[in-house]
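Sequence and computational prediction follow.
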Amino acid sequence: MGTEQHGRQEQHEPDPGPHGGTLDDRRGHQGARVVVTGAGGGIGAALAHRFAAEGATVVVNDLDPAKAESVAGEIGPSAIALPGDASAVVAEAREALGGTVDVYCANAGLASGGDAFADEAVWDAAWQTNVMAHVRAARALLPHWLERGSGRFVSTVSAAGLLTMIGAAPYSVTKHGALAFAEWLSLTYRHRGIRVHAICPQGVRTDMLTAAGSAGELVLAPTAIEPAAVVDALFDGMAQGRFLILPHPEVAGYAAARAADPDRWLSGMNHLQQKWETR
């Protein structure tokens, strides 16, 4: 559901690393200091494991202390469990990492279902977790990153942020917001050494896919991939300096079709909606 830009091809510059050189030309991410929110399972746990395997020290953040401790324990000495709200983790994570965060993975999210009549509390929780947690993290990270001229912000969005998801208005709307904020960060600060990546997968075999219920079974489950495949796509994209990370490559075509003929695309999605309603 993503699309490639047309016109002059952009030249991507490698990121300055935390100790000189670049994050892309050093061997893996040796020595990088990384924070992953929502890392108690699924994509977040896979991110934490991969960064640690590449030589990084990783803060494993999750609302559930037991899950954060478990993943950190699996990783070993290079991981630090830091339970708590993803909206307020940066200061404590920076201290735990010795004063610097090189890579921040805004991965915590809520798969909030419901329609326009969902409770205000459901809408607010989705907004706070899927959008404002990213904004608050950026506020805390940017002053230091801009001063030193480097930093990497990874936003776990969703293909729903490029398109939509039937049966999940709060999720779809806030994931569009997450993507919009990631785009804004990238266009505003890339010339100052800040690299931003937006991960937009379709179905991933995690608890969130299970929580999507019958809509997830219809739309996402048939092409669902493992969390490790999402992480592979991110690391390929980071090496190539790409903003948009599409673990399901076919998403690019869906987004192009949506942009080219919105009414035809909406009619197709409405057909899917009707199919779901009659299941």
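The structure has been received and is ready for your questions.

With adjacent residues omitted, what lies nearest to residue 69?
Leaving aside its chain neighbours, residue 69 sits nearest to residue 81 (4.6 Å; criterion: C-beta to C-beta, 6 or more residues apart in numbering). (Glycine included, C-beta is placed from N, CA and C.)

Distance check, that neighbour against residue 219.
Residue 81 sits at a distance of 34 Å from residue 219 (criterion: C-beta to C-beta, to the nearest Å).

same check, this time on residue 199
Distance of residue 199 to residue 219, computed by C-beta to C-beta: 18 Å.

again with residue 137
Shown here: residue 137 relative to residue 219, a distance of 29 Å by C-beta to C-beta.

Neighbour count for the two, which is higher?
The neighbour comparison of residue 137 against residue 219 (other C-beta atoms under 10 Å) goes to residue 137, with 25 against 22.

In contact with that one, which residues are there?
Contacts were defined as C-beta atoms under 8 Å, 6 or more residues apart in numbering; by that measure residue 137 touches 37, 86-87, 89-90, 104, 106, 153.

ok so it is a helix residue?
Yes - Residue 137: assigned to a helix according to DSSP: H, G, I helix; E, B strand; the rest coil.

Going along the chain, name the helices of this protein.
With helices called from DSSP state H, the chain shows them at 42-53, 65-75, 90-96, 120-127, 133-148, 169-189, 207-211, 213-219, 227-240, 251-260, 262-277.

Show me what the second one is packed against.
Pointing back at helix 65-75 there. Where contact means 3 or more C-beta pairs under 8 Å, 6 or more residues apart in numbering; DSSP states H and E, helix 65-75 is packed against helix 42-53, strand 57-60, strand 79-81.

Verify the contact between residue 96 and residue 83 for me.
No - if you go by C-beta atoms under 8 Å, residue 96 and residue 83 don't touch, sitting 12.0 Å apart.

follow-up on the earlier one: can you tell me which of the contacts of residue 137 are in strands?
Of the positions in the contacts of residue 137, 104, 106, 153 sit in strands, assigned by DSSP state E.
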